[in-house]
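**Q** Here is a sequence with its predicted model. Questions after.
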Amino acid sequence: MACGLADPDPGGRRTPARPASPVRSLLETGQIVTFYSYKGGVGRSFALANTAVLLARWGYRVLCVDWDLEAPGLSYFFDLHPDSSPRAGLLEMVEEARDTSVGPSLALKYRTAVRLPDEVRLDLIAAGRQDATYISRLQEVDWEKLYTDHDFGDTLEAWRAEWMKNYDIVLVDSRTGITDSGGICTSQVPDVLVFAFTANQQNVDGVLDIVDRAMKARDGLPYDRPRLLTVPLLSRFDAQPEYSKGETWRRTLAEQMEPRLRDWAPRGSTAAELLQRVTIPYFPVWSFGESLPALTESHRNSEQVTYSIASLAALLARRLEDAGLLIENRDSYVDSARQAARRTYEADLFVSYSGTTAKLARQFLALLHENGVTTRPHRADGPEDMFWSPERRQQLMDECRHFAMLVDGHSSSEQEQDLGYFLRRSVSGVTPRLTLPVVTSSEAFENLPHIARSLQAFNLEHGTLALAARAVAAQLRKDPDEEFGAPRRTAEHRFDVFLSYAHADRDWALALAENLQRLGVSVWVDQWNRVPGEEWTSRLQDALANSEVLVSVVTPHWTRSQWAVEEFLEARQRQRVIPVVLDEPHPPQFVVEQPYVDFGGARSPMTYVREVEHLARLVLGLPADRPLPRRASFVLPDSLLY
C-alpha cells in the first residue's frame, strides 16, 4: 500500500461512490494544501511555517497540521509563540477515532493557538503528545485497518469539512518518502499538493513518482473530489556561484514540471516562468534552527527569502488563479492576495452621494440606522460643497464591508472614483462585499457608470426611500423575504432550468445538471424524471412549460437532432433560452444570435467551474458580486479526467 489509498477496497472491489460529503471545494472559503517532499532536508516545513505566518499576518484564518508523525517537528517553528503547549494532537485524534465512535467530532479537539506579534494568531494541530509512549503508540496505528475496520475515510472527510468550515487555508505538513500516512496526505486530504524538491535527480524522480501515485489514488477515491492541483516548489536553489549550471538545471526542471503545472498555468505562459515564481532560493542564514523570517522581513525585498515565500503564499491564497499576473507583475499579485484576506469591518455600509442628493442621503442614512445598518457617509459634516478628500474616502470605504451609491440624474466624478476603488478592493476578496446602487429614476439608472448598470439597483420610482432602506438592510443580512431585485423563477415556474441535450452527450449533460443543482439552480432533466408507463411527449412539454429557462447543450450531435433544434426554436418564442456550446466549432446562426455560454475553452477543472458558475448566474439573473445560493464540491465530466 505504497500510497495509502491507491486501493480503497482491500478486497479488490471498487467501492461505490458515496454521496458528496458536506465538504467545501476550491470554490468555497476553505481549502486544504499539503506540503510534501520525497526526501528530508529540502526546506518543506520551513516553507510551510513561513507561508502560514504570512497568510495569518495578512488576515487569513490559518490552521497548520503536523502529519509528519514519524518525525514531528512543525511545532518547533512556533515554540517561541505558544498560547499554551500542545497537550495532544493528531496521533491522539487517530487513536480516539479508532477506539471510540466519536471520531468525526474530533476535528478541532486538540488544536493549539499560536500567538504571533501584533496580535496575529494561527492554530496548530501538533503531531501528538511527545512523551515516552509516543513511539510505541504510533507503531500500533495500522492505517489500512483504520480504513477497513473503523471507517477512517469517513472520519477524515468529517475532519476536512470542519477544518474548511473554520479556516480559510489549512496547511498540512506530510511525511517524506513512500508511506501510508504520507499517501493519505497527498491523495485524500488536499485540494492542492505543494511538492518541495531540490535540484538533484533522485529528488526530482522520487517526488514526481509520488505525485503520479497520489493523482491515481485520488481518482480511485470513493468521494467527490475535483482533480488534484499540484504546485512544484523548487527549494534551496542557489544558482549564483555556478550560473550556467544553474540555468541548465532550470530549463531541465521546467520541462519535467510542465505536466504538473498544466492544470492551472495561464494560457501563453511557460513552465519556466511559473517555476521561477515558485522557487525558494538558498539563504545560509536561515539554514540554522527553526526560523520564521516572515515575521521580520519585507515581502517586497527580492534579496530576502520572504519575497519568494510571499509569492507562494499569494498563489495559494488566490487558489492558483490569475497566475498570469504573478508572472507579469508579482507585487500587484501579492498585494491583491493581501487585500483579499478575510477581515472584520467597523461598519456595514459606505454610502456615496453627490451634492444634489445630500438632503435625500441624510434621510436615507437615518432610515438605514433604523433598520440596524451601520454606515459611513461619503461627505464630511459641514457645508454642502465640502467633501472628504479622496484618501479619507478610501480609508472609510476600507472600514465598511459593503458599498451603496445614491444617484439622481448623473453620478458625480467622486462617486465614480468611489465605485472604482471599492470594486478594485473587493473583486478578489474572501469576504463577499456587495455594491448596491439606489437611483431616483430610470433615467438615473441609464446614466450610471457602465459597470454599475450590470448590478441590481433599487429604483425609487418603484418604491419609497424607506422601502429602499429596508431592502438594503435585508440584502446585507441575506433575508430572502426582501429581495433587492434579483429575478428568480416566477410562481408559475417550478424549475429554473429545463436541460436539453443529445443522447450521445448524456454524461456531460448530467454532470452539468448536478453541478447546477449544487449551486442552488433547480433543474429538470429527463434522466431524473422518467416514470415507467407515462406518456412521455406531454410530460416533456409540461416540464418545459414549467421551467424558467431552456438550457440546450449544443454539440454536433445536438445540431443533427431535429427534435432538439425544433424544441429550441419553439421555446425561444415564449421563454428565455441559453445555449451551452460544447465541441461545436461552427454552431448554427440561430444559436449564436442568443447570449450563450462557450465551454469550448473549458479544458481544466478551474475553467470548467468558472463557466458553470457563469451559467448559473445567467439563469438566476445574478451579477458577479452577488453570491450564488449555495456552494458545493463539483462533479467533473469525464472529458476533464482523461
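**A** Arrived safely.
**Q** quick one, helices of the stretch 1-150 of the chain?
**A** 44-58, 90-99, 134-139, 143-150 (DSSP state H, counting those that start in this stretch).
**Q** Let me have those helices in a markdown table, extended by mean pLDDT.
**A** As requested, the helices of the stretch 1-150 of the chain are exported to a markdown table (pLDDT from 0 to 100):
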| stretch | mean pLDDT |
| --- | --- |
| helix 44-58 | 94 |
| helix 90-99 | 94 |
| helix 134-139 | 94 |
| helix 143-150 | 91 |
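**Q** residues touching Leu48, list them.
**A** Contact partners of Leu48, counting by Cβ atoms under 8 Å, 6 or more residues apart in numbering, are 35, 64, 74, 171, 173. Every C-beta, even on glycine, is put in place using the N, C-alpha and C of the backbone.
**Q** The fourth one pairs with what?
**A** Think Leu171. Taking DSSP bridges as the rule, Leu171 bridges to Val33, Cys64.
**Q** Pick the most buried one from the helices of the stretch 1-150 of the chain.
**A** Highest mean neighbour count among the helices of the stretch 1-150 of the chain (mean count of other Cβ atoms under 10 Å): helix 44-58, with a mean of 25.
**Q** element containing Leu618?
**A** helix 605-620 (DSSP states H and E).
**Q** what comes up buried for that helix?
**A** The neighbour-count check on helix 605-620 (16 or more other Cβ atoms under 10 Å) flags 605-609, 611-613, 615-620 as buried.
**Q** Show me what it packs onto, helices and strands only.
**A** strand 495-500, helix 506-518, strand 547-554, strand 576-581, strand 597-598 (3 or more Cβ pairs under 8 Å, 6 or more residues apart in numbering; DSSP states H and E).
**Q** any chance of the ones you listed in TSV, with mean pLDDT and mean neighbour count too?
**A** What follows is those, written out as TSV (pLDDT from 0 to 100; neighbours: other Cβ atoms under 10 Å):
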stretch	mean pLDDT	mean neighbour count
strand 495-500	90	24
helix 506-518	88	20
strand 547-554	92	25
strand 576-581	92	21
strand 597-598	91	18
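**Q** can I assume Glu446 is in contact with Asn459?
**A** No - look at Glu446 against Asn459 with Cβ atoms under 8 Å: they stay out of range, at 10.9 Å.
**Q** So these two - more neighbours on which side?
**A** Asn459 (16 against 10; other Cβ atoms under 10 Å).
**Q** how close does the residue nearest to the more buried one when sequence neighbours are not counted get to Gln394?
**A** Closest residue in space to Asn459, ignoring its immediate chain neighbours: Val439 at 5.5 Å, by Cβ to Cβ, 6 or more residues apart in numbering. Per Cβ to Cβ, to the nearest Å, Val439 is found 24 Å from Gln394.
**Q** if you count what's nearby, which of the two comes out ahead?
**A** Neighbours were counted for Val439 and for Gln394 using other Cβ under 10 Å; Val439 has more, 24 against 17.
**Q** Please look at that one and Leu455 and confirm they touch.
**A** No - Val439 is not in contact with Leu455 according to Cβ under 8 Å; the separation is 10.9 Å.
**Q** Quick check: neighbours shared by those two?
**A** Overlap of the contact sets of Val439 and Leu455 (by Cβ under 8 Å, 6+ apart) is empty.
**Q** Where does the prediction get shaky in the stretch 351-500 of the chain?
**A** Where the stretch 351-500 of the chain drops to pLDDT under 70, the residues are 378-388, 426-431, 454, 478-493.
**Q** wait, the stretch 501-642 of the chain
**A** For the stretch 501-642 of the chain, applying pLDDT under 70 flags the ranges 529-539, 625, 630-633, 640-642.
**Q** before we move on, back to that, any chance of the helices and strands packed on helix 605-620 in CSV, with distance to Ser354 too?
**A** Below are these laid out as CSV (distance: least, Cβ to Cβ, whole Å):
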stretch, distance to Ser354
strand 495-500, 38
helix 506-518, 41
strand 547-554, 38
strand 576-581, 36
strand 597-598, 38
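**Q** what's the closest of these to Val192?
**A** helix 506-518 (20.4 Å; Cβ to Cβ).
**Q** Domains in this protein, by residue range?
**A** The chain is divided into the following domains under automatic domain parsing: 31-339, 347-476, 495-640.
**Q** first vs last residue of the second one, how far apart are they?
**A** It refers to domain 347-476. 12 Å (Cα to Cα, to the nearest Å).
**Q** now swap in the longest one and tell me
**A** This stretch, domain 31-339, spans 18 Å end to end (Cα to Cα).
**Q** oh, and call the first residue 12 from now on, that's how I've got it
**A** Yep, numbering from 12; the last one is domain 42-350 now.
**Q** Pull the distance from it to the chain's centre.
**A** Relative to its chain's centre, domain 42-350 lies at 17 Å (Cα atoms, centre = their mean, to the nearest Å).
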